[in-house]
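**Q** need coordinates for the below:
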Amino acid sequence: MSATSKPRKKILFVDDSADFLAVFSQAMEVTSKGEWEVFTSHNAAQALEILERGPINLAVIDSQMPLVDGLQLIRLLGRKYPNLPKAILTGFPNESDRQACLSSGADLYLHKPTKSDEMQTIFMTLNELARVDTDEVGFQGTVRRVGLHDILQMECLGRNSGILEIFNNDIRGEIFIRTGSIIHSQTQTLSGLEAFYHLFSISGGGFKLKAFIEPPAVTISKSWEFLLMEASRRRDEGNTSEGEVEETIMESHEAAPEVPDLPLVLPKVKIPKEKKGPVQIQEMAVFASDGQVLYEWQCTDIELRKRLLEFVSGQSKQIAQGLDLGRFDLVEIHSAAHQTVAQIQDDTGIYLEVSNAVVVAGTTH
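**A** Next comes the predicted model:
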């Protein structure tokens with residue numbers, strides 16, 4: 001193979017029928033014209049051994065095997081190798097089995113071929129799936145606290161189209177993005193905004209960005225900026241228990257934290273007239289322009305606070321370009337018991353949350 005040749009795709013076939021496995025795997029390798037390197041396994045244990053040796057581009061699994069059947073193996077591989085494309089190949093297709101396999105992580109559910117022309121169709125279908133990780137998927141990886149937020153923001157800012165598949169041991173769902181707009185989301189049991197916020201709430205798992213296809217329905221019309229802000233807010237609130245909230249609220253007799261000796265002007269917090277009372281600082285953070293934490297006091301999630309300031313900074317530039325309203329650099333969020341201020345200055349960003357304080361945004365003077 002020359003240095004400029006593409007590396008061969010590594011395809012794993014798992015089937016307890018030795019006769020079918022030999023004939024089918026050989027036919028697929030010949031049909032690939034040297035583009036596939038085929039591995040075969042007669043059971044789940046052998047398949048796992050092969051996967052441990054090195055990366056595989058596609059696993060094709062028989063649905064009916066003894067001890068560990070295809071559905072169980074699909075679920076196991078989904079946990080151990082979440083980004084591995086997987087296809088079910090069965091000689092006895094039925095709708096309930098199909099739904100179970102697809103909802104458990106299979107990308108395809110195919111009928112075993114019995115004729116030569118069917119072999120070609122199966123090969124072309126599997127070959128497309130085997131190409132997903134390099135040709136069609138922009139990102140694959142692990143969803144952490146802010147990873148999903150970053151991927152969605154990049155796709156929407158770039159006005160891209162795609163399907164972001166998100167999964168962990170308990171949840172599997174999709175977010176549909178069309179030319180930079182989030183238009184639909186779905187899980188096994190939810191759809192629309194409810195599904196979107198549910199997917200955004202997971203704290204760990206995997207993601208795969210797939211080629212765009214039209215969703216079964218358009219269920220989301222809100223802007224992606226609003227969706228990400230609202231999802232972050234919900235996740236933030238959901239990750240703080242009542243006990244944690246009580247611990248972070250300062251008692252009235254406690255002294256307020258000292259303001260750091262930094263060249264910055266803190267935003268003025270205005271308390272509505274109907275909510276008179278002492279201002280109690282609950283959280284505060286100051287960031288440098290490169291995201292470095294200069295000062296932090298009682299922040300429950302410092303990364304989320306930084307993301308909020310980055311969002312305000314990005315939106316201020318867009319609004320300044322589109323509207324002649326001056327510099328937009330301050331967001332205030334008011335609720336019955338709290339007030340949050342996010343402000344961007346020339347070289348610093350400030351996050352402040354106080355108690356006794358409907359979203360208000362404006363320019364600073």
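**Q** residue 203: how many residues sit nearby?
**A** By other Cβ atoms under 10 Å, 11 other residues sit near residue 203. Placement of C-beta: from N, CA and C, glycine included.
**Q** same question for residue 292.
**A** 9.
**Q** I'd say residue 160 and residue 180 touch.
**A** Yes - Residue 160 is in contact with residue 180 according to Cβ atoms under 8 Å; the separation is 6.5 Å.
**Q** which helix or strand contains residue 38?
**A** strand 36-41 (DSSP states H and E).
**Q** which positions in that strand come out as buried?
**A** Applying a neighbour-count criterion of 16 or more other Cβ atoms under 10 Å, one finds 36, 38, 39, 40, 41 buried in strand 36-41.
**Q** in TSV, list the residues you listed along with pLDDT.
**A** Shown next, in TSV, are the buried residues of strand 36-41 (pLDDT from 0 to 100):
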residue	pLDDT
36	91
38	92
39	94
40	93
41	93
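**Q** what score does residue 282 have for pLDDT?
**A** The per-residue pLDDT reported for residue 282 equals 73.
**Q** how close does it sit to residue 54?
**A** Distance, residue 282 to residue 54, by Cβ to Cβ, to the nearest Å: 51 Å.
**Q** these two: who's more crowded?
**A** Between residue 282 and residue 54, counting by other Cβ under 10 Å, residue 282 is the more crowded of the two (21 against 8).
**Q** excluding covalently adjacent residues, which one is nearest to that one?
**A** Excluding its sequence neighbours, the residue lying closest to residue 282 (Cβ to Cβ, 6 or more residues apart in numbering) is residue 353, at 4.8 Å.
**Q** part of a strand, is the one you found?
**A** Yes - counting by DSSP: H, G, I helix; E, B strand; the rest coil, residue 353 is found in a strand.
**Q** just checking, what packs against the strand holding residue 38?
**A** If you count contacts as 3 or more Cβ pairs under 8 Å, 6 or more residues apart in numbering; DSSP states H and E, strand 36-41 packs onto strand 9-14, helix 18-31, helix 44-53.
**Q** could you dump those to TSV with mean pLDDT?
**A** Converted to TSV, these look like this (pLDDT from 0 to 100):
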stretch	mean pLDDT
strand 9-14	93
helix 18-31	89
helix 44-53	90
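**Q** correct me, but residue 63 touches residue 69?
**A** Yes - the criterion here is Cβ under 8 Å, and residue 63 meets it with residue 69 at 6.6 Å.
**Q** the two: who's more crowded?
**A** Shown here are residue 63 and residue 69; by other Cβ under 10 Å, residue 63 has more neighbours (25 against 16).
**Q** next, give phi and psi for that one.
**A** For residue 63, the backbone dihedrals are phi -80, psi -30 (criterion: degrees, to the nearest 10).
**Q** show me what contacts it?
**A** 69, 70, 71, 88, 89, 90, 92, 97, 101 (Cβ atoms under 8 Å, 6 or more residues apart in numbering).
**Q** thank you, goodbye.
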